[in-house]
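*Asks:* have a look at this prediction, sequence included:
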Amino acid sequence: MSFLAKIGESMAGNEYDLVVIGSGPAGQKSAIAAAKMRKRVAVIQRGSGDGPAAATQIGGVCVHTGTIPSKTFRESVLYLTGFSQRSFYGKDYFVKANISMQDLMFRVHAVVQRESEVISNQLRRNQITIIDGTARFVDPHTIEVTNGKEASQVLRAEYVMIACGTRPAHNPAIPLDGKRIFDSDQITEIEKLPREIIVVGAGVIGLEFASMFAALNVEVTLIDARPTLLDFADREIIESLQYQLRRRGTIFRMGEKVESVTVDEERGRVSAKMESGKTIHGEALLYTVGRQANTDLLNLDAAGIKPEPRGQLKVNQFFQTDVPHIYAAGDVIGFPSLASTSMEQGRLASSHMFGTPGMLDPRLLPYGIYTIPEISMVGHSEEYLTKEKINYEVGISKYEELAKGQMLGDEQGMVKILFCPTSFNILGVHIIGDRAAEIVHIGQAAMSLGAPIHYFRDTVFNYPTLAEAYKVAALDGLNKC
């Protein structure tokens, strides 16, 4: 007898094969994959506030406060500043003088609205029930949904997918006020561009926003307690990023920890006091140190699940929690916390639930870091290969040597291929520069299919393109062998 038949007829309208908590990338793809297998699916999405006026947030943090707004904001910065044209027309070149936050956010609001509509339509086309409200477990198979507008609903599910995402972590020493001191969810809502900004936290989010503000000619001071940036990335690529940010006036305070932050409203100043005794001043401060999972809202004790620090959930290779019928995917399970990997995690989780399991190969996950300049990578870094005593050779192509690089005005970009000098297998691809997150997939495809580096040497690429960099890098590397 099926699960739904066992439940009985009393809750016929609220019984589902799968209930998904959260409509971000992991939740969307999990729900759609299950629906394609003819399963009855509901997606619960929490609103943007409490009470009757709360607005639905279909698409989750990704669409409304995270990936989509920040990356669209970046595109606005690149366009309105004329950043890519400065190598031709001078470093003071701007497409629009006196850029305002309204100018920058015009594109953001349009894209967020359209993307939210696209996701809603996708879910409804697949006959997925969308329920607005906050979910909490009553028991491992029962979920209560409240939204402040009407009586709560009680859902029963054979399987549950937790994809409730994360929110910025807060620190009592950093008094976030949404006026001069912001977290990453608030920063795109500031009323006026500051002349100086302090960014606390040099992770991916902090670096992305720091580089955007630097492109806008805002004076940026970047503070992080760690001695180096992005330990998982290739050092040569990161050194290039730091060099380019320093050229635009960014000050790095690595190995420094913020002790307290104060605001002088009269002077319109923010002061960050370091444990070392230094004090850094600016007009605004962005705090981007870590994320907190939203699992604290779910009453996980009733489901028999114990969260990790900061609310993250531990899962196995099939994305199952300690309770086998409850799965989790996306940012809520931690690193790499990318929209792209979250989508695939959600899809694979539903595939496992309903009898068609697959596996995610971590070696072939691409990483896109949307700083200015852009960074992307797939496979191993030089540091990892050296640590593991794996022999490798390097092939490099510089954008300044490519006709397309010259046309785009990118004189600093680079494609770096790591490969075995005996088997010629490709071990990693690392890119910094214009469209890095796009062209990394050429390297990813070659690695996935087991192609040796000779593939790039022997393939004809359109000319002029950035893709041609793979051929140049392959020739460079093979010449060393």
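*Replies:* Now that the structure is in, tell me what you want to look at.

*Asks:* any idea of the mean pLDDT in the lengthiest strand in the chain?
*Replies:* In terms of residue count, the longest strand belonging to the chain (DSSP state E) is strand 153-162. For strand 153-162, mean pLDDT rounds to 97.

*Asks:* same thing with stretch 369-377?
*Replies:* The average pLDDT within stretch 369-377 is 97.

*Asks:* verify the stated contact: residue 414 with residue 400.
*Replies:* No: taking contacts as C-beta atoms under 8 Å, residue 414 lies outside contact range of residue 400: 9.0 Å. Using the backbone N, CA and C atoms, a C-beta is placed for each residue, glycine as well.

*Asks:* the two: which is more packed in?
*Replies:* Neighbour comparison, residue 414 and residue 400: the larger count goes to residue 414, with 23 against 14 (by other C-beta atoms under 10 Å).

*Asks:* what are the bridge partners for that one, then?
*Replies:* Note on residue 414: beta-bridge partners by DSSP bridges are residue 398, residue 432.

*Asks:* OK, contacts around it?
*Replies:* Going by C-beta atoms under 8 Å, 6 or more residues apart in numbering, residue 414 touches 237, 240, 396-399, 431-433.

*Asks:* ok, and the most crowded of these?
*Replies:* Within these, most neighbours by other C-beta under 10 Å means residue 431, with 33 neighbours.

*Asks:* could you report the pLDDT at it?
*Replies:* pLDDT recorded at residue 431 is 98.

*Asks:* of all the contacts of residue 414, which comes closest to residue 289?
*Replies:* residue 237 (22.8 Å; C-beta to C-beta).

*Asks:* hang on, isn't that closest one packed against residue 374?
*Replies:* No: contact criterion C-beta under 8 Å: residue 237 and residue 374 do not qualify, at 10.7 Å.

*Asks:* overlap in contacts, the two.
*Replies:* Common contacts of residue 237 and residue 374 (C-beta under 8 Å, 6+ apart): 431-432.

*Asks:* wait, residue 333 touches residue 312, no?
*Replies:* Yes: using C-beta under 8 Å, residue 333 is in contact with residue 312, at 6.3 Å.

*Asks:* so the nearest residue to residue 317 once chain neighbours are set aside, which of the three states?
*Replies:* Distances taken as C-beta to C-beta, 6 or more residues apart in numbering put residue 359 closest to residue 317, at 6.7 Å, once the chain neighbours are dropped. At residue 359 the chain is in coil, as set by DSSP: H, G, I helix; E, B strand; the rest coil.

*Asks:* for residue 359, give me the pLDDT.
*Replies:* 81.

*Asks:* any stretches of the stretch 1-150 of the chain with poor pLDDT?
*Replies:* 1-12, 48-56 (pLDDT under 70).

*Asks:* just so I have it, where are all the helices in it?
*Replies:* Along the stretch 1-150 of the chain, counting by DSSP state H, counting those that start in this stretch, helices occupy 3-7, 25-36, 60-64, 67-81, 86-89, 101-125.

*Asks:* just those: most buried one?
*Replies:* Of the helices of the stretch 1-150 of the chain, the one with the most neighbours on average (mean count of other C-beta atoms under 10 Å) is helix 25-36, at a mean of 27.

*Asks:* and that helix, how far out from the chain middle?
*Replies:* Distance of helix 25-36 from the chain centroid (C-alpha atoms, centre = their mean, to the nearest Å) equals 19 Å.

*Asks:* stretch 32-42 too?
*Replies:* Distance, centroid of stretch 32-42 to centroid of chain: 26 Å (C-alpha atoms, centre = their mean).

*Asks:* identify the residues contacting that stretch?
*Replies:* By C-beta under 8 Å, 6+ apart, the residues outside stretch 32-42 that reach it are 4, 15-20, 31, 122-123, 126-131, 155, 157, 346-347, 350-351, 353-354, 356.

*Asks:* of the residues you listed, just the buried ones, ChimeraX syntax please.
*Replies:* Buried subset of those, written as a ChimeraX selection, criterion 16 or more other C-beta atoms under 10 Å:
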select :4,15,16,17,18,19,20,31,122,123,128,129,130,131,155,157,346,347,350,351,353,354
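
*Asks:* before we move on, the earlier item: let me have the contacts of residue 414 in a markdown table, extended by distance to residue 471.
*Replies:* A markdown table is the format used below for the contacts of residue 414 (distance: C-beta to C-beta, whole Å):
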| residue | distance to residue 471 |
| --- | --- |
| 237 | 20 |
| 240 | 21 |
| 396 | 12 |
| 397 | 8 |
| 398 | 13 |
| 399 | 14 |
| 431 | 14 |
| 432 | 18 |
| 433 | 16 |
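
*Asks:* now the nearest residue to residue 320 once chain neighbours are set aside: phi and psi?
*Replies:* Nearest non-adjacent residue to residue 320, counting by C-beta to C-beta, 6+ apart: residue 327, 5.5 Å away. The phi and psi torsions at residue 327 (degrees, to the nearest 10) take the values phi -110, psi 160.
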